[in-house]
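In: Sharing a model that was predicted from the sequence below.
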Protein chains: 2
Amino acid sequence: MNFLRLVGALYRPTGVISRTYCPGAPEPCRLSDSLVEALSTAVGLKNISTSYAVREQHGKDESYHEPQPADVVVWPESTNAVSKVATICYDNNVPMIPFGTGTGLESGVSAPRGGVCLNLTKMDQVLDLHPEDFDVSVQPGVTRNALNSYLRDTGLWFPVGRSGCRRLAMRHGGDQRIRHQRRAVRDNAGERDEHGGRAAGRNDHQHSRQGQEDKIMAAVCSFPSVQAAVDTTVMTMQSGIPIARIEFLDDVMMDACNKFGGLDYPVAPTLFLEFHGSEKNVADQAEAVAEIAQMNEGSDFQMASDPAQRKKLWSARHNAWYAGLALKPGSKGCATDVCVPISRLPEVIVETKEDISKSSLIGPIVGHVGDGNFHSLLIIDPDDPAQIEEAHVLHERMARRALAVGGTCTGEHGIGLGKRHLLREEMGEGTFNVMKALKHALDPKNIMNPEKVIPV
Amino acid sequence: MNFLRLVGALYRPTGVISRTYCPGAPEPCRLSDSLVEALSTAVGLKNISTSYAVREQHGKDESYHEPQPADVVVWPESTNAVSKVATICYDNNVPMIPFGTGTGLESGVSAPRGGVCLNLTKMDQVLDLHPEDFDVSVQPGVTRNALNSYLRDTGLWFPVGRSGCRRLAMRHGGDQRIRHQRRAVRDNAGERDEHGGRAAGRNDHQHSRQGQEDKIMAAVCSFPSVQAAVDTTVMTMQSGIPIARIEFLDDVMMDACNKFGGLDYPVAPTLFLEFHGSEKNVADQAEAVAEIAQMNEGSDFQMASDPAQRKKLWSARHNAWYAGLALKPGSKGCATDVCVPISRLPEVIVETKEDISKSSLIGPIVGHVGDGNFHSLLIIDPDDPAQIEEAHVLHERMARRALAVGGTCTGEHGIGLGKRHLLREEMGEGTFNVMKALKHALDPKNIMNPEKVIPV
């Protein structure tokens, strides 16, 4: 055990010393009383906690990384309060770690050097909506669902990102749906973004859901091989069909989803599709894609346009993460997240499946196939170091397989703590050093979420 | 006259001294013989010039800014040659200025501190085309037309950007067409881009022109007011109609285009439209937009789908720049380039037209109205300092009008030399200092196109 006690002194960064986390062994706040007092004045007495339970909860996300609690958690209610906290942290060399909802997968919220965790959930105001300009400014604690409730009467709509995009505060790479490529929202805590205000020339628009866009059709189709499913996707995109979503599930994942949801989909590589547009347009799109699927020996489409039926049709995809975990009760998931040129996707998925099948683990696969991005959810017992290690080794091989074909080690989840060495391999030393220089220019004291992405 | 003669010594940066340009008075190359020799070895004897005529030609673009020649022009033929030139420049503190085709509008190619101009036109190879992945790597000297000739047999297509985007080498903000929002191409001189190779998860796809996308329909429609034309655009976008292009020309510009091209369009605010898709889809889109235009008292559509007829229909828009200049033979154009939230576009255009009408200048307007971006082309006599000053003052007021409604002083043309103070106003001191810090991190010796955008 390695508790650093600096109570009574001003906080000093622990440098490269990484604290050992001992579950259940409360670690005291290492900030001085006067520092805690100053933070308390900045955010208000009801918006600060040094309780170990609270700090521990804020130091972990949904990944298998071990929690690393900050010394204090604060809930700023305004940009001004954030600014005051930042000034105190800067003056005293204390790390700052932002916290959205803790749904990250790469340990972005952990505090390996301690410091102040800024929980942003109380900054949940929609600041400035301009329906004719298709833009809205929101505080960082606004969730997608909250925003869409707010937008309900405007005819506008903030489309869902990839499945993991649960909260805007996470600055998730989501919203990569094939059709709705642009955001209406900048997750911006201020009144005005830093780059030329609200003009669209440097940003862009969101399609609304009014008029022509009022129809949504869902479809599911299974294939004899991964190659056939990917070929269908590529041909659909080459045909310029403005399909809204294409999601891929492999046979292992379909099996898990069937078991989890009491469904009876074929246990085969499967595409989940969604079409948006006018009634006629949606029917045209679906017909064109069905033709392409048939050319690739796909099954007939199961289709639905009624909201409840659509939801049922897509439920397998929506519950995939939990369906995977349910294969082994009590397990945790290690979510990999590679992305490759779509032409290389079939071979990389097939090789990955072979690799997983040689291991002792199960690893169902879901993919945002239009982007060449896929995840295998490696199911592990969090108390078994051997399984964690095995997942780690599988993950590294998968990432390097992606890098070898010109891909990336992360399409969505980011780098966090676990992929820092892979980022370095992917970028090369030269580019990595440029990234380091930029980080240093923006954060000369290395107090902004230190150790993450680019360790200095 | 202010010739700095450093012949025979190693080059020293001229610091803040700005040289006075004297047309016709050749300024000698200020680099030492040994430095010119080293550059010559780096790029090859046939790829270097110190001739004053050549240097002068490379120091000017299509703007009214006065030319500022570099000391040497080189034509590197490979990334390796660029790298060698950069090493020599870095070691000797010599500025480097890239040159594409000289079609810029903000004096990006001028050399206020002298140095080496890198003309990239000999780096014109298409390196790596992946049709299934919708991506291609090209050297920086590849033009859009050259790329599209290369792509002709693949069914793919690199869409035109805004009208000013003549060459990829310029890293122009173009390709902002409403529909084709993503690039197939990264203008990347190397084999592999620096960010995760070719995977699409961090980039994105281009629609192809095959299958569903093989029909293009053009249309022109005039309106009783600027407001009516903009309202038509906003409603079209709100309806989710996937229109490919919407361009706006004001009454003054339409008059100029009529005169220039022997056309007889109504002298009124006018929208030029383009629809892409299947035959049926294109007809649906055009019908829907025609309905919206009628609601806004627009004229009947003039339509064309045959390539020659489309070209004729759009010729007014395509020739707008030259039509404007032809209003006063021998004149030059000062192209302004503001961008505002689309809801504020009508008032800003109307106020700008009033302001111009009170001046002694003519200033026809074109706009990429879907983006809230528009240009007034202020027609000036380049030999009349009073007119240049008047254009300058009009431009400043127009830019500040944009900033006041949350817009930006540049939607496309960039900052270059002329808008540096406006950028600073737009960003505010805090953000401007962050930009300076980033520039310094990337270019510690301030030799990469110094004085442009962010003077250090």
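Out: Great, that's in hand.

In: Now A:Ile342: closest residue in space, sequence neighbours ignored.
Out: Nearest residue to A:Ile342, sequence neighbours excluded (Cβ to Cβ, 6 or more residues apart in numbering or on different chains): A:Gly372, at 4.3 Å. Yep, even glycine has a C-beta here, placed from its N, CA and C like the rest.

In: and if you look at A:Pro307?
Out: A:Ile216 (8.0 Å).

In: Bridged to the one you found, which residues?
Out: A:His276 (DSSP bridges).

In: Settle this for me: A:Asp251 is touching A:Ala268, isn't it.
Out: Yes: between A:Asp251 and A:Ala268 there is a contact at 5.4 Å, judged by Cβ atoms under 8 Å.

In: quick revisit: spit out the contact partners of the residue nearest to A:Pro307.
Out: A:244, A:274-276, A:282, A:305, A:307, A:310 (Cβ atoms under 8 Å, 6 or more residues apart in numbering or on different chains).

In: again, but for A:Gly102
Out: Applying Cβ under 8 Å, 6+ apart, we find A:Gly102 in contact with A:57-58, A:60-62, A:109.

In: Break chain A down into its domains, please.
Out: Split into domains by automatic domain parsing, chain A comes to A:33-119, A:126-192, A:212-322, A:329-404.

In: rank those by pLDDT, which is bottom?
Out: Mean pLDDT is lowest for domain A:126-192 among the domains of chain A, at a mean of 60.

In: what's the helix or strand for A:Ile454?
Out: Assigned by DSSP states H and E, A:Ile454 belongs to no helix or strand.

In: Near A:Gly444, how many other residues are there?
Out: Quick fix: residue A:444 reads Pro, not Gly. 11 (other Cβ atoms under 10 Å in any protein chain shown).

In: From B:Gly428, how far out is it?
Out: Going from A:Pro444 to B:Gly428 by Cβ to Cβ, to the nearest Å gives 20 Å.

In: Could you pull out the helices in chain A for me?
Out: Ranges of helices within chain A are A:33-43, A:52-58, A:79-92, A:144-151, A:226-238, A:251-261, A:279-295, A:307-318, A:320-326, A:345-357, A:385-404, A:420-442, based on DSSP state H.

In: Report the angle between the first one and helix A:79-92.
Out: Between the axis of helix A:33-43 and that of helix A:79-92 there is an angle of 160 degrees, by axes from the mean of the first three to the mean of the last three Cα atoms, to 10 degrees.

In: what's the burial count for A:Leu127?
Out: As a burial measure, A:Leu127 scores 16 neighbours (other Cβ under 10 Å).

In: what's the closest non-adjacent residue to it?
Out: For A:Leu127, the closest residue by Cβ to Cβ, 6+ apart turns out to be A:Ser137, at 4.4 Å.

In: thought the one you found was touching A:Asp128?
Out: Yes: at 4.3 Å, A:Ser137 and A:Asp128 qualify as touching, with contact defined as Cβ under 8 Å.

In: So these two - more neighbours on which side?
Out: A:Ser137 (21 against 14).

In: Which residues does the more buried one form beta bridges with?
Out: A:Asp128, A:Arg186.

In: List the buried residues of stretch A:310-328.
Out: A:310, A:313-314, A:316-317, A:319-321, A:323-327 (16 or more other Cβ atoms under 10 Å in any protein chain shown).

In: Equivalent analysis for stretch A:122-140, please.
Out: A:122-127, A:129-140.

In: In strands, which of those fall?
Out: A:126-127, A:129-130, A:135-138 (DSSP state E).

In: Could you dump those into CSV with distance to B:Ser51 added?
Out: Converted to CSV, those look like this (distance: Cβ to Cβ, whole Å):
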residue, distance to B:Ser51
A:Val126, 61
A:Leu127, 58
A:Leu129, 59
A:His130, 54
A:Asp135, 51
A:Val136, 56
A:Ser137, 54
A:Val138, 57
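
In: any idea which of those residues is closest to chain B?
Out: Distance to chain B, by Cβ to the nearest Cβ, is smallest for A:His130 among those, at 6.0 Å.

In: The closest one contacts B:Gly372, correct?
Out: No: A:His130 is beyond contact range of B:Gly372, at 11.1 Å (criterion: Cβ under 8 Å).

In: Which neighbours do those two have in common?
Out: B:Pro341.

In: that older thread, most tightly surrounded among the helices of chain A?
Out: Among the helices of chain A, helix A:226-238 has the highest mean neighbour count (mean count of other Cβ atoms under 10 Å in any protein chain shown), at a mean of 23.

In: can I get the CA coordinates of that one in CSV?
Out: C-alpha atoms of helix A:226-238 as CSV (Å, rounded to 0.1, in the frame of the first residue of the first chain):
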residue,chain,number,x,y,z
VAL,A,226,-18.7,-11.8,-43.3
GLN,A,227,-17.5,-11.0,-46.8
ALA,A,228,-21.0,-11.1,-48.2
ALA,A,229,-22.3,-8.7,-45.6
VAL,A,230,-19.4,-6.3,-46.1
ASP,A,231,-19.7,-6.5,-49.9
THR,A,232,-23.4,-5.6,-49.6
THR,A,233,-22.4,-2.5,-47.5
VAL,A,234,-19.7,-1.4,-50.0
MET,A,235,-22.0,-1.8,-53.0
THR,A,236,-24.8,0.1,-51.2
MET,A,237,-22.4,3.0,-50.6
GLN,A,238,-21.0,2.9,-54.1
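
In: what is the orientation angle of that helix with helix A:251-261?
Out: 90 degrees.

In: Name the surrounding residues that touch helix A:226-238.
Out: Outside of helix A:226-238, the residues within contact range by Cβ under 8 Å, 6+ apart are A:178, A:221, A:223, A:243, A:246, A:248, A:250, A:269-271, A:288-289, A:292-293, A:295-298, A:342-343, A:345-346, A:349-350, A:353, A:369-370, B:131-132, B:134, B:155, B:205, B:207-208, B:210-211.

In: out of the domains of chain A, which comes closest to B:Val74?
Out: Nearest to B:Val74 among the domains of chain A is domain A:329-404 (34.2 Å), distances taken as Cβ to Cβ.

In: what's the span of the closest one, first residue to last?
Out: Distance across domain A:329-404, first residue to last, is 35 Å (Cα to Cα, to the nearest Å).

In: Then stretch A:362-382?
Out: With Cα to Cα as the measure, stretch A:362-382 spans 14 Å from end to end.
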